[in-house]
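1. With the sequence up front, the predicted model follows.
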Amino acid sequence: MPPSAPPASVPDQQQQEQLARARELHWQRARRFTLVLLALWLATGFCTVYFARALAHLTLFGWPLSFYMAAQGASLMYLAIIGGYAIRMRRLDREYARAAGESA
């Protein structure tokens, strides 16, 4: 019969619980932020095409808004979404690493 592991001490168990809470909070925030960015992506990609006729009456720099969004705006918005995701996730990962370091 293999030797059994010693029972976990109370401080170790509390540290594990803190780490689990920090991990859950990290992923909850990451999922929520990702859903917001996906909604923004959908609005940029789908809604500008769906409402192109209505947006054609609005102009931006002399061009109809629907043309501008299809030619330039959507690409710029996608870059902004990617940049925002990278910045926010780096910040969330640092917060998680700090919380994990405190519980260790």
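-> Yep, it's here.

2. Every contact and neighbour count from this point should use C-alpha atoms.
-> Will do.

3. The top helix by length along the chain - what's its average pLDDT?
-> Looking across the chain with DSSP state H, the single longest helix is helix 10-42. Helix 10-42 shows a mean pLDDT of 90.

4. Show the subsequent helix or strand relative to it.
-> Using DSSP states H and E, the next helix or strand after helix 10-42 towards the C-terminus is helix 48-50.

5. list the buried ones in the longest helix of the chain?
-> 18-19, 22-23, 26, 30, 33, 37, 40-41 (16 or more other CA atoms under 10 Å).

6. What is that helix packed up against?
-> Secondary-structure packing of helix 10-42 (3 or more CA pairs under 8 Å, 6 or more residues apart in numbering; DSSP states H and E): helix 74-103.

7. before we move on, the earlier item: ok, of the buried residues of helix 10-42, which one's closest to L92?
-> H26 (6.7 Å; CA to CA).

8. thought the closest one was touching L92?
-> Yes - judged on CA atoms under 8 Å, H26 makes contact with L92 at a distance of 6.7 Å.

9. Can you pull out the residues in contact with stretch 65-83?
-> 37, 41, 44-45, 48-49, 51-53, 55-60 (CA atoms under 8 Å, 6 or more residues apart in numbering).

10. Let's see it as PDB, backbone CA atoms only.
-> The C-alpha coordinates for stretch 65-83 follow below in PDB (Å, rounded to 0.1, in the frame of the first residue of the first chain):
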ATOM      1  CA  LEU A  65     -21.200  56.800 -43.300                       C
ATOM      2  CA  SER A  66     -22.000  53.300 -44.600                       C
ATOM      3  CA  PHE A  67     -19.200  53.600 -47.200                       C
ATOM      4  CA  TYR A  68     -16.700  54.900 -44.700                       C
ATOM      5  CA  MET A  69     -17.500  52.100 -42.200                       C
ATOM      6  CA  ALA A  70     -17.200  49.500 -44.900                       C
ATOM      7  CA  ALA A  71     -13.900  50.900 -46.300                       C
ATOM      8  CA  GLN A  72     -12.100  52.200 -43.300                       C
ATOM      9  CA  GLY A  73     -14.200  52.300 -40.100                       C
ATOM     10  CA  ALA A  74     -14.600  48.600 -39.600                       C
ATOM     11  CA  SER A  75     -10.900  47.900 -40.000                       C
ATOM     12  CA  LEU A  76     -10.000  50.700 -37.600                       C
ATOM     13  CA  MET A  77     -12.700  49.400 -35.100                       C
ATOM     14  CA  TYR A  78     -11.300  45.900 -35.300                       C
ATOM     15  CA  LEU A  79      -7.800  47.200 -34.600                       C
ATOM     16  CA  ALA A  80      -9.200  49.100 -31.600                       C
ATOM     17  CA  ILE A  81     -11.000  46.000 -30.300                       C
ATOM     18  CA  ILE A  82      -7.700  44.000 -30.600                       C
ATOM     19  CA  GLY A  83      -5.700  46.700 -28.900                       C
END
